[in-house]
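# pasted the sequence and its predicted model underneath.
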Amino acid sequence: MNVPTGTHGHSHYNEPSPRWCSCAVPDDTTAEQSGGARRGISRRGLITGASAAGVLAAAGWPGAAQAAQPAHGGPGKDVTITIMGTSDIHSNAINWDYYKDGPFSDATGDVVGLARVSSLVNQIRADRGRDHTLLFDAGDIIQGTPLGFYYATVEPTTKTGAVHPMALQMNAIGYDAVVLGNHEFNYGLEFLDHWVSQMQAPVLAANAVHPGTKIPKYKPYVIKTMKLKGMPPLRVGVLGLTNPGVVIWDKANVSGKLDVLDVIETAASWVPRMHRDGADIVVVSVHAGDSGLSSYSGDIPVENAAAMLGEQVPGIDAILFGHAHIDVPQRFVTNSATGEQVVMSEPKCWGERLSVFDLSLSFERGTWKVTSKSAITVNTNTVADDPKLVAIVKSEHDAVVAYVNKPVATSTETMSAADACWQDTAILDYINVVQTAKVTEAIAGTSYASLPVVSIAAPFNRAATFPAGSVTIKDVAGLYIYDNTLLGSVLTGAQIKDYLEYSARYYKQVAADAPVDPASWTNNHDLPDYNYDQFSGVVYDIDLTRPEGSRITGLSYSGTPVTDDQQFVVAVNNYRQSGGGGFPHIAEAPVVYNAQVAIREAIVAYATAQGTIDPAEFHVENWRLVRGATPVF
């Protein structure tokens, strides 16, 4: 599942030379030298009275028996190595929820953060043997919580020179390689390049290339040499691939500066080269789900192509993947050319899981051969935070906590998004009020000033609330959880109706006399809440008894039916305007405003200037669900 992106860090950018040379890109350091021992990794935070082997055995890991005693080879030259993987950390450094201002908790008992991941990694390294393990990440690291937002926009590390908190943690853990996710591009290439320069692990993205070329801007792959006691060296190659959707979701940041190629074609080019350059086995770390589907249309390569990668590109042994935020402990796909099985795993998101691959190999006639493969995901709620990883970002975390608790305005009443997926709510109207005001101000004095301004918002977070009384930045961030920027585009009345019909696919078709159960009517076609767009400024009904494509009735503006050729300026976020979600017309619509203003920042500034948030002054119920002529509510 793709999530909306943002655009920050918009200073002018002089494109540097590629970060890789035209020769091979091996890294012949041993796993021991490249990781924890060299960086003094702490082994604190272990489970009391339990080992990593016990945790893995309880989770059903096939390699847990071997994990209790490191395999250093023996008769027949057999060995087992462990490859650990994370993905979609999304700037979760410790187990903390900045929106709730307390430790993270959910109904499933999951926990978040790299500090939890570190405890598991330390245990597995200790029990398996540091020289028998590698640790990779599949992308989306620096964006996603107020921590990531703060150090990209409030106190950007590009200006302060401080080391980004996620780089601090990843360097301390001792990653062997990380891959760029699509959200790495949210804050602009200058910011991304600065973060890459702070990382001790190689940062990979073979398919992120200089415009009009196939030359990677970042390292395409790295080969790690594992020096196993009593065994010949084992060379493990890891190829990194980012998501092609970057060119849609972060068009403003990458257009003319970066192309992103198809992951399958790119892997087909690089995997044979990796084998020629001495890789005994090849792992792909790819920021793409495994569904084979895309959230966008057009000729952009497939978004979620991880399984297709294993099926179509020979020579891959294992795939660590992400992007979809799903827990996939183990999946096997068969390569169509070789018949070989490729093992895959996705470790959910936010540090809630750690993927653990177990690869057994034998050394025969001077060649390493993989004899068995397995994978599992381990829940990080089985360990405590690694104190070292908490301490290393304590000052950064404390600064963000202080920031998000700053009051910005006073609300006259409690405003909740709990019903925002089926009713017009004041709290979503507040987003539209801010967006409408900003765009109206921006087009004043232009040729578009006479056009009516309408606005689009979606229910990003059903748990969002503005309390009665003091409203803080934390509350605003909980309402608008993505780092989107604001644009103004021109749509006609006919196009708005098409747009609304597309959005209304979010609901199932409902009989006129069915019991009222709106929560069961939402998320049709597995559409996420953030792909249910609601308009303000125009009035309309959504008739749930009608089939998709003919549900919008009574579309009007200022008491008059909207005509097909009537023009509107539409306030919209950059994710939607760039094509995210595949909504009709908006990606091709003329853009009349794009000052790269972050919507969350605009909400904070507006609330601060007003001082009071009073729904009586702005909340208008301009849309509703109906069944025939009867309103649902």
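Looks like it came in fine.

# can you report how many residues neighbour the nearest residue to Tyr218 once chain neighbours are set aside?
Among residues not flanking Tyr218 along the chain, Ala205 sits closest, at 4.3 Å (CB to CB, 6 or more residues apart in numbering). Bear in mind the C-beta positions are built from the backbone N, C-alpha and C, glycine included. With neighbours defined by other CB atoms under 10 Å, the count for Ala205 comes to 30.

# show me what contacts Ala205?
By CB atoms under 8 Å, 6 or more residues apart in numbering, Ala205 lies in contact with 179-180, 216-220, 240-242.

# of those residues, which belong to strands?
If you go by DSSP state E, the contacts of Ala205 have 179, 240-241 in strands.

# reformat the residues you listed as CSV; add distance to Tyr430, pLDDT and neighbour count.
Shown next, in CSV, are these (distance: CB to CB, whole Å; pLDDT from 0 to 100; neighbours: other CB atoms under 10 Å):
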residue, distance to Tyr430, pLDDT, neighbour count
Val179, 37, 98, 33
Gly240, 41, 98, 32
Leu241, 40, 98, 34
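
# make a markdown table from those and add distance to Gly85 to it.
A markdown table is the format used below for the ones in strands among the contacts of Ala205 (distance: CB to CB, whole Å):
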| residue | distance to Gly85 |
| --- | --- |
| Val179 | 10 |
| Gly240 | 12 |
| Leu241 | 14 |
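
# any idea which of the residues you listed is closest to Pro547?
Proximity of these to Pro547 (CB to CB) peaks at Leu241, which lies at 39.5 Å.

# distance of that closest one from Asp429?
41 Å (CB to CB, to the nearest Å).

# which single one of the ones in strands among the contacts of Ala205 is nearest to Ser395?
Val179 (28.2 Å).

# mind listing the helices for the stretch 401-550 of the chain?
426-443, 473-479, 493-503 (DSSP state H, counting those that start in this stretch).

# what about those, which gets the closest to Tyr540?
Comparing the helices of the stretch 401-550 of the chain by CB to CB, helix 493-503 comes nearest, at 6.3 Å.

# what are the contacting residues of that closest one?
Here helix 493-503 makes contact (CB under 8 Å, 6+ apart) with 454, 491, 531-535, 538, 540, 542, 548-552, 555, 562-568, 570, 582-586, 589.

# for ChimeraX, what selects the buried ones among those?
Buried subset of the contacts of helix 493-503, written as a ChimeraX selection, criterion 16 or more other CB atoms under 10 Å:
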select :454,491,531,532,533,534,535,538,540,542,551,552,555,562,566,567,568,570,582,583,584,585,586,589
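
# can you flag which of the contacts of helix 493-503 belong to strands?
454, 491, 534-535, 540, 542, 552, 555, 567-568, 570.

# pipe the residues you listed into a markdown table and attach distance to Ser578 per row.
Formatted as a markdown table, those follow (distance: CB to CB, whole Å):
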| residue | distance to Ser578 |
| --- | --- |
| Val454 | 19 |
| Leu491 | 15 |
| Gln534 | 19 |
| Phe535 | 19 |
| Tyr540 | 25 |
| Ile542 | 26 |
| Ile552 | 24 |
| Leu555 | 25 |
| Gln567 | 21 |
| Phe568 | 19 |
| Val570 | 14 |
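
# return the member of these nearest to Phe321.
Once CB to CB is applied, the member of the ones in strands among the contacts of helix 493-503 that ends up nearest Phe321 is Gln534, at 32.8 Å.

# now do the closest one, the pLDDT please.
Per-residue confidence (pLDDT) for Gln534: 98.

# wait, it touches Ala457, no?
Yes - with contact defined as CB atoms under 8 Å, Gln534 counts as touching Ala457 (5.9 Å).

# shared neighbours of these two, anything?
428, 432.

# and the residue lying closest to Asp385 once chain neighbours are set aside, what element?
Leaving aside its sequence neighbours, Asp385 sits nearest to Ala115 (CB to CB, 6+ apart; 4.0 Å). Counting by DSSP states H and E, the element that carries Ala115 is helix 114-128.

# number of residues surrounding Ser197?
11.

# return the alpha-carbon coordinates of the helix or strand where it lies using PDB.
Here Ser197, judged by DSSP H and E, is contained in helix 189-198. This file holds the C-alpha atoms of helix 189-198, laid out as PDB (Å, rounded to 0.1, in the frame of the first residue of the first chain):
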ATOM      1  CA  LEU A 189      17.300  15.400  -3.100                       C
ATOM      2  CA  GLU A 190      19.600  17.800  -1.200                       C
ATOM      3  CA  PHE A 191      18.300  16.500   2.100                       C
ATOM      4  CA  LEU A 192      18.500  12.900   0.900                       C
ATOM      5  CA  ASP A 193      22.000  13.300  -0.200                       C
ATOM      6  CA  HIS A 194      23.000  14.800   3.100                       C
ATOM      7  CA  TRP A 195      21.500  11.900   5.000                       C
ATOM      8  CA  VAL A 196      23.200   9.400   2.700                       C
ATOM      9  CA  SER A 197      26.500  11.000   3.400                       C
ATOM     10  CA  GLN A 198      25.900  10.400   7.200                       C
END
